[in-house]
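Novice: would you be able to build a 3D model of this:
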Amino acid sequence: MSALAAIRASVAATLARHGRRCLDVACSGGPDSLALADAAIAALGAAQVRLLHVDHRQPTSAAAVAHLRAWADARGVALAVAAVDVPAGASWEAQARTVREQALRELAGAELIATGHTASDQAETVLMRLVRGTGPDGLAAIAPRRGPFVRPLLAHTRAEIEAYVAAAGLDPWRDPMNDDPRFTRVWLRQQIVPALVAHNPQLERALAQLAQLAADDRAALAPQVDALAAAAELDGGLACAPLAAAPPAIARRVIAAWLARHGRSSELPAVAAVLALAAGPAAGTRGVDVGGGRVARVYDRLAIDDAPGPPLAPLTVLGADGPYQVRAWRPGDRMRPARLRGQSRKLSDLYGDLKLPRAARARARVVIAASGAIVWAEHVGAAWQATEVVRVEPAVDGPA
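Specialist: Residues are numbered from 1 along each chain as shown. Prediction:
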């Protein structure tokens, strides 16, 4: 079967599988997305296809939009364009992908969006993740369907796409950025993939098969992952005991999903560090730095550690043994809490008994009478025989 016939058959099969009689196609104007658009028009007719283009405001963007608009007009296909600003970040590629997907979702509304990802893109993505460090789920790489995005060309290599372009007489836009080796994907495409293909001409298909096997394993483990996630959920964090007791393959997936949900790195080194934290002893508060922030273990619970706490409420102190001083507690502070009936203890020990998180402990305040004695401590309460002498409550007009 020719590349033209094979690719048109794949697009038609995708449309039938999803019951589509119209289609939005994410189209840069390059060979992959233009071949996809042409195959969709062959299957549905021009009136049932709409092209979605995201303009990243690069020096060549205006030329790309003009080229694509001329192609769409010549075929009677609707074209919607969204211009976006790519925020500064460690990876322009990653930032651009995030804003591009959001723009495509907004253009399409609730519709399905077809993208031109190929088996060659799949192979490059697997290699990129191996280079950066990934787990088994990362090897699944580009999914055939994720949310509104569907990839009809994922079984076809870039060479097949070029054969389609030639057979269909298409004139794609060639983005100069796709030849810039400063981008990791381009470096892999130009330098690494050809060297590997010299040893295995079927490299792209082998890596695509690896991605499919990893996706199959992930799907098979999903029920166990969901069950552990439900068992470990604890006040927005994760309980350590269920994670430590679970098979590492399941625990790692729960942690990776939790980290990603909170905007933290879910790469393997970060996941491994958090799992080690969960499996360690439950003593006080400890933490690890991961990409995007810090994760703490507060006794038996994992929590995101770097979110700022709520503003401290001002205090009003009422009593006869004034004037009173309100200050942050200090190491070495002692008090005689009412619940211990006058026994003197260090506040640090009292906070340890309460398993008070480090962040809350650092912000805790005490009230000191004119005699110098601590008569009230935040999280502990009033001192022995001070319950009738002093009353502490949130201030109405400002701090005491």
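Novice: spell out which residues make up each domain of the chain.
Specialist: Here the domain parsing of the chain from automatic domain parsing is 3-209, 235-304, 315-394.
Novice: want to try a markdown table for these, with distance to Asp217 and mean neighbour count as columns?
Specialist: Bear in mind the C-beta positions are built from the backbone N, C-alpha and C, glycine included. As requested, the domains of the chain are exported to a markdown table (distance: least, Cβ to Cβ, whole Å; neighbours: other Cβ atoms under 10 Å):
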| stretch | distance to Asp217 | mean neighbour count |
| --- | --- | --- |
| domain 3-209 | 6 | 17 |
| domain 235-304 | 9 | 18 |
| domain 315-394 | 37 | 16 |
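Novice: turn these into CSV, including distance to Ala222.
Specialist: Shown next, in CSV, are the domains of the chain (distance: least, Cβ to Cβ, whole Å):
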stretch, distance to Ala222
domain 3-209, 10
domain 235-304, 9
domain 315-394, 32
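Novice: what would those look like in a markdown table with mean pLDDT and distance to Ala229?
Specialist: Shown next, in a markdown table, are those (pLDDT from 0 to 100; distance: least, Cβ to Cβ, whole Å):
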| stretch | mean pLDDT | distance to Ala229 |
| --- | --- | --- |
| domain 3-209 | 92 | 14 |
| domain 235-304 | 89 | 5 |
| domain 315-394 | 80 | 22 |
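Novice: and those: which comes nearest Asp216?
Specialist: domain 3-209 (8.6 Å; Cβ to Cβ).
Novice: tell me the helices and strands packed up against the longest helix along the chain.
Specialist: Looking across the chain with DSSP state H, the single longest helix is helix 203-232. Applying 3 or more Cβ pairs under 8 Å, 6 or more residues apart in numbering; DSSP states H and E, we find helix 203-232 packed against helix 119-132, helix 193-199, strand 237-239, helix 240-245, helix 248-261.
Novice: rewinding a little: go through the domains of the chain and name the closest to Ala215.
Specialist: That would be domain 3-209 among the domains of the chain, by Cβ to Cβ, at 4.0 Å.
Novice: could I get the helices and strands packed on helix 203-232 as TSV with distance to Pro181?
Specialist: Shown next, in TSV, are those (distance: least, Cβ to Cβ, whole Å):
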stretch	distance to Pro181
helix 119-132	13
helix 193-199	13
strand 237-239	41
helix 240-245	41
helix 248-261	29
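Novice: do you know which of the ones you listed lies nearest Arg345?
Specialist: Here helix 240-245 is closest among the helices and strands packed on helix 203-232 (Cβ to Cβ), at 27.3 Å.
Novice: now for that closest one, which elements pack on it?
Specialist: helix 203-232, helix 248-261, helix 268-279, strand 301-304.
Novice: re earlier: from the middle of its chain, how far away would the longest helix of the chain be?
Specialist: 17 Å (Cα atoms, centre = their mean, to the nearest Å).
Novice: go on, stretch 108-128?
Specialist: 18 Å.
Novice: can I get that stretch in PDB, CA atoms only?
Specialist: In PDB, the C-alpha atoms belonging to stretch 108-128 read as follows (Å, rounded to 0.1, in the frame of the first residue of the first chain):
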ATOM      1  CA  ALA A 108     -11.800  24.000  19.600                       C
ATOM      2  CA  GLY A 109     -14.100  24.200  22.600                       C
ATOM      3  CA  ALA A 110     -15.500  20.700  23.200                       C
ATOM      4  CA  GLU A 111     -14.400  19.300  19.900                       C
ATOM      5  CA  LEU A 112     -11.800  16.600  19.200                       C
ATOM      6  CA  ILE A 113      -8.500  18.000  18.000                       C
ATOM      7  CA  ALA A 114      -6.300  15.900  15.700                       C
ATOM      8  CA  THR A 115      -2.500  16.500  15.800                       C
ATOM      9  CA  GLY A 116       0.200  15.400  13.400                       C
ATOM     10  CA  HIS A 117       2.400  13.500  15.700                       C
ATOM     11  CA  THR A 118       4.200  10.600  14.000                       C
ATOM     12  CA  ALA A 119       6.100   7.500  14.900                       C
ATOM     13  CA  SER A 120       9.300   9.500  14.400                       C
ATOM     14  CA  ASP A 121       8.100  12.000  17.000                       C
ATOM     15  CA  GLN A 122       7.300   9.100  19.300                       C
ATOM     16  CA  ALA A 123      10.800   7.700  19.000                       C
ATOM     17  CA  GLU A 124      12.400  11.100  19.600                       C
ATOM     18  CA  THR A 125      10.200  11.600  22.700                       C
ATOM     19  CA  VAL A 126      11.200   8.200  24.100                       C
ATOM     20  CA  LEU A 127      14.900   9.100  23.600                       C
ATOM     21  CA  MET A 128      14.400  12.600  25.200                       C
END
